[in-house]
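Engineer: Starting from these lines, generate the structure:
(one chain, ligands or ions: 1)
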Amino acid sequence: MYTGQTEQSCCLCNHHETVSRLDLPPRAIKLMKNSGSIAWRDVVGTVSIHFCADDWNLIRDLITEMQLNPLGRCNVAQASFSIREDFEALLSDTKPEPDQTAVEERLISTAQKTLAEVDSDPLIEERDHVEALLTLQTLMKLDVISSTKAFDSSLDPES
Ligand SMILES: [Zn+2]
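Structural biologist: Numbers count the residues shown, from 1 in each chain. Predicted coordinates:
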């Protein structure tokens, strides 16, 4: 059981030196390896996965050039996230299902903004671009958003 945010090793090869981190919506856990027992709805904030230098190059190419989603190979045991404390359940008999909608909407709009500006804004880093693509790919795969909504070109900041 994970209770706090700690730096983790590479989610693909378990190497302890990592060079990059991606922050994803908690629902992404459903696509990861060994995720069966994790209550993703109880995750607070985002889920972070980490990559060593070699794997980062591979993952970046898979996501940006081949539009492949690598999460199925990422071991959730190497992901970092916070599970919400269960105080509410102790204080009340009925525990409402945590709602991830607000977090997902925020991440979707951030990702779309990044994709809209990536060609014109030199301050957008490679990892931000990869994170934006993977966020949208993942939420599409989990039927949270449709592909037309995910990559909506009307979000062009020039307009
Ligand atoms: Zn690695």
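Engineer: near the ion, which residues of the protein show up?
Structural biologist: Within reach of the ion by Cβ under 5 Å from the ion, the chain has these residues: 10, 12-13, 15, 52, 55. For every residue, glycine as well, the C-beta is placed using N, CA and C.
Engineer: any chance of those residues in TSV, plus secondary structure and pLDDT?
Structural biologist: Formatted as TSV, those follow (DSSP: H, G, I helix; E, B strand; the rest coil; pLDDT from 0 to 100):
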residue	secondary structure	pLDDT
10	coil	97
12	coil	97
13	coil	96
15	coil	94
52	coil	96
55	helix	97
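Engineer: okay if I get those as TSV plus neighbour count and distance to residue 35?
Structural biologist: Below are these laid out as TSV (neighbours: other Cβ atoms under 10 Å; distance: Cβ to Cβ, whole Å):
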residue	neighbour count	distance to residue 35
10	23	17
12	21	15
13	13	18
15	17	21
52	20	21
55	21	19
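Engineer: any idea how far residue 120 is from the residue positioned nearest the centre of the chain?
Structural biologist: Relative to the mean C-alpha position of the chain, the nearest C-alpha, by Cα atoms, centre = their mean, is the one of residue 24, at 1.4 Å. In this view, residue 24 and residue 120 are 25 Å apart by Cβ to Cβ, to the nearest Å.
Engineer: same thing with residue 53?
Structural biologist: Where residue 120 is concerned, residue 53 sits at a distance of 28 Å (Cβ to Cβ).
Engineer: circling back to that earlier point, bridge partners for the residue nearest to the centre of the chain, pull those for me.
Structural biologist: Judged by DSSP bridges, the bridge partners of residue 24 are residue 47.
Engineer: surely it meets residue 134?
Structural biologist: Yes. Counting by Cβ atoms under 8 Å, residue 24 touches residue 134, with 6.7 Å between them.
Engineer: I'm done for today, thanks for sticking with me.
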